[in-house]
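Engineer: Got a sequence here, can you build the structure:
(one chain, ligands or ions: 1)
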Amino acid sequence: MNILVAGTGYVGTTTALVLADMGWNVTGLDPDAEKIRTLLQGSIPFYEDGLEELLRKHLQQASIRFTTDASEAIRQCDAIFICVGTPPLPDGSVDMRYIRQISEEIGRHADGYRLVIVKSTVPVGTHAKVAEWIRSAQPSPHPFDVASNPEFLREGSALADSFQPDRVVIGADGEEAVQAVRKLYASLNCPFVVTTPRTAEMIKYASNAFLATKISYINELARLCDSLDIDVNEIARGIGLDPRIGALFLRAGIGYGGSCFPKDIAGLLQTARENGARLGLLEEAAEINRTQYLHLLNKARVRLGGFQGKTVAVLGLAFKPDTDDIREAPSLRLIRSLLSENADVRVHDPIAKLPPDLARQPLTSCGTPEEAAQGADAVFLCTEWKAYRHLDWPGIKSAMKQANLFDGRNMMNADHMKAMGFYYQGIGYR
Ligand code: UDX
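Structural biologist: Take a look at the predicted model:
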């Protein structure tokens, strides 16, 4: 079977490479010629461990190719994975422009049956719109099926999540379409959840919203733990051992970021509003996340007696380690607040770069964490990069003006840092 993967962003590129590794003939399609050129040269346009090796292997074996030519790619394939972006609009609703574009291209160029599989995260009911857009663009009628197959991979562990998924969700209306999607994933050894397309679309939102709520729950408890002088990490361990709760996603910190949780919660809240329902728990989870960084910032402000004229080092820009993604990263909210309070801000990240608006601000981007901490009145840890845990902390302390450490990821051992002479403040943890 020849498979076309439309959209070569994070999910599309990973999906294309994983399918090629499973033995399928894959074409990656993207209108961005620069991106296609980069991929054809064997480079991944973003950072994700292991992807580049896989890309080079499959380019060499000619089991994957990339193109900007939609009409040719659609004519030559049997199945199409839609992996295009679904960015948020200002009101929180989902921008469906790219989904519509590719659906219409499929309608225009498919000259026979096609299995269309929607992987992009899309609002409930989108599969029916995709079918309508395909149909309305067809010059003459051709049969097709539209299935929903949401993606659950995480940045930083995209390959492991794809080759050993917890489950594969397939939403399709006919048994033939279900079997065809199943066949594509025949080499995976995991449960398959087969359901309707609407349910599959909802499972994706429900899953991300639940995980985000779990984080906001522990983050809200962390605020109380701080006042009660209780270590929230011990609370997480104490409750997480109950399998009904589970130990994962209970790490308190300055909040979740990334391209999925904030966007998907906003998208689900918008769907709720459109349907006259109120998801109060989710609204609160989003609000806790939006304000979580302030909790640490306020403590630092009190400790330093304000930020005016103070030098503050921010270590970690990425929304989580092992990625260069800064979308919705809480570090950026923190930096903007520090700048608005006239702090002299110095930042470092092993791979992530400042967004253009912040790069224009009067702050210093440093090549090493040591350089960022030089002469600082405080260091904020915003991403739990492994390298930060193993820095020469005594050396950093002696290079700082005042040894204040604000750990936004509870990644350091408080007792060790205090023994070293740091004033240490974590989140729900001293
Ligand atoms: C998430 C979902 O996990 C994945 O299934 C979906 O397909 C896409 O969205 P991702 O955004 O890549 O994946 O990262 P994830 O590891 O889930 O972390 C999201 C955010 O939550 C990060 O900012 C992380 O730092 C934060 N987080 C995670 C916490 O603050 N505490 C935790 O305990 C776990």
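Engineer: what's the pLDDT at T291?
Structural biologist: Per-residue pLDDT puts T291 at 97.
Engineer: how about the residues of the stretch 51-200 of the chain that lie near the ligand?
Structural biologist: 151-155 (C-beta under 6 Å from any ligand atom). Quick note: C-beta positions are derived from backbone N, CA and C, even for glycine.
Engineer: Could you rerun that using 5 Å?
Structural biologist: Selection of the stretch 51-200 of the chain residues close to the ligand by C-beta under 5 Å from any ligand atom yields 152, 154-155.
Engineer: and these, which are buried?
Structural biologist: Buried by 16 or more other C-beta atoms under 10 Å: 152, 155, out of these.
Engineer: Can you add pLDDT and secondary structure and give the residues of the stretch 51-200 of the chain next to the ligand back as TSV?
Structural biologist: Below are those laid out as TSV (pLDDT from 0 to 100; DSSP: H, G, I helix; E, B strand; the rest coil):
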residue	pLDDT	secondary structure
F152	97	coil
R154	95	coil
E155	93	coil
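Engineer: And the residues of the stretch 51-200 of the chain next to the ligand, which is closest to L59?
Structural biologist: E155 (22.7 Å; C-beta to C-beta).
Engineer: In contact with that closest one, which residues?
Structural biologist: Contact partners of E155, counting by C-beta atoms under 8 Å, 6 or more residues apart in numbering, are 10, 48, 258-259, 320, 322-323, 325.
Engineer: ditto for R409
Structural biologist: 251, 253-254, 316, 381-384, 427.
Engineer: please redo it, this time with the cut-off set to 7 Å
Structural biologist: 253, 381, 383-384 (C-beta atoms under 7 Å, 6 or more residues apart in numbering).
Engineer: and if you look at D377?
Structural biologist: Going by C-beta under 7 Å, 6+ apart, the list of residues near D377 reads 304, 310-312, 401-402, 404.
Engineer: cutoff 10 Å now
Structural biologist: 300, 303-305, 307, 309-313, 343-344, 400-404 (C-beta atoms under 10 Å, 6 or more residues apart in numbering).
Engineer: Tell me how many other residues crowd the closest residue in space to it that isn't next to it in sequence.
Structural biologist: Distances taken as C-beta to C-beta, 6 or more residues apart in numbering put K310 closest to D377, at 4.3 Å, once the chain neighbours are dropped. Per other C-beta atoms under 10 Å, the neighbour tally for K310 reads 22.
Engineer: Kindly report the same for the one 5 residues further on.
Structural biologist: A count of nearby residues for L315, using other C-beta under 10 Å, gives 28.
Engineer: does it have beta-bridge partners, and which?
Structural biologist: H348, L381 (DSSP bridges).
Engineer: Start at 54, not 1
Structural biologist: With 54 as the first residue, the last one maps to L368.
Engineer: ok, it to P408 distance?
Structural biologist: Counting by C-beta to C-beta, to the nearest Å, the gap from L368 to P408 is 17 Å.
Engineer: And for E228?
Structural biologist: Using C-beta to C-beta, which is the criterion applied here, E228 is 47 Å from P408.
Engineer: cool, and I133?
Structural biologist: I133 is 32 Å from P408, by C-beta to C-beta.
Engineer: More neighbours: these two, which one.
Structural biologist: Under the criterion of other C-beta under 10 Å, the comparison of I133 against P408 puts I133 first, with 28 against 14.
Engineer: Give me the three-state assignment for that one.
Structural biologist: At I133 the chain is in strand, as set by DSSP: H, G, I helix; E, B strand; the rest coil.
Engineer: My guess is it contacts V171. True?
Structural biologist: Yes: applying C-beta atoms under 10 Å as the test, I133 and V171 come out as touching, 9.5 Å apart.
Engineer: circling back: for the contacts of R462, which entry has the maximal number of neighbours?
Structural biologist: That'd be T436 among those, by other C-beta under 10 Å, with 28 neighbours.
Engineer: domains of this structure?
Structural biologist: Domain segmentation of the chain under automatic domain parsing yields 55-248, 264-478.
Engineer: now the end-to-end length of the longest one.
Structural biologist: Right, the one you point to is domain 264-478. 26 Å (C-alpha to C-alpha, to the nearest Å).
Engineer: do it and the ligand meet?
Structural biologist: Yes: using C-beta under 5 Å from any ligand atom, domain 264-478 reaches the ligand at 268, 302, 304, 306, 309-311, 313, 372-373.
Engineer: how about TSV for those residues, with secondary structure and pLDDT added?
Structural biologist: Shown next, in TSV, are those (DSSP: H, G, I helix; E, B strand; the rest coil; pLDDT from 0 to 100):
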residue	secondary structure	pLDDT
I268	helix	98
F302	coil	98
R304	coil	97
G306	coil	98
Y309	coil	98
G310	coil	98
G311	coil	96
C313	coil	94
F372	coil	97
K373	coil	96
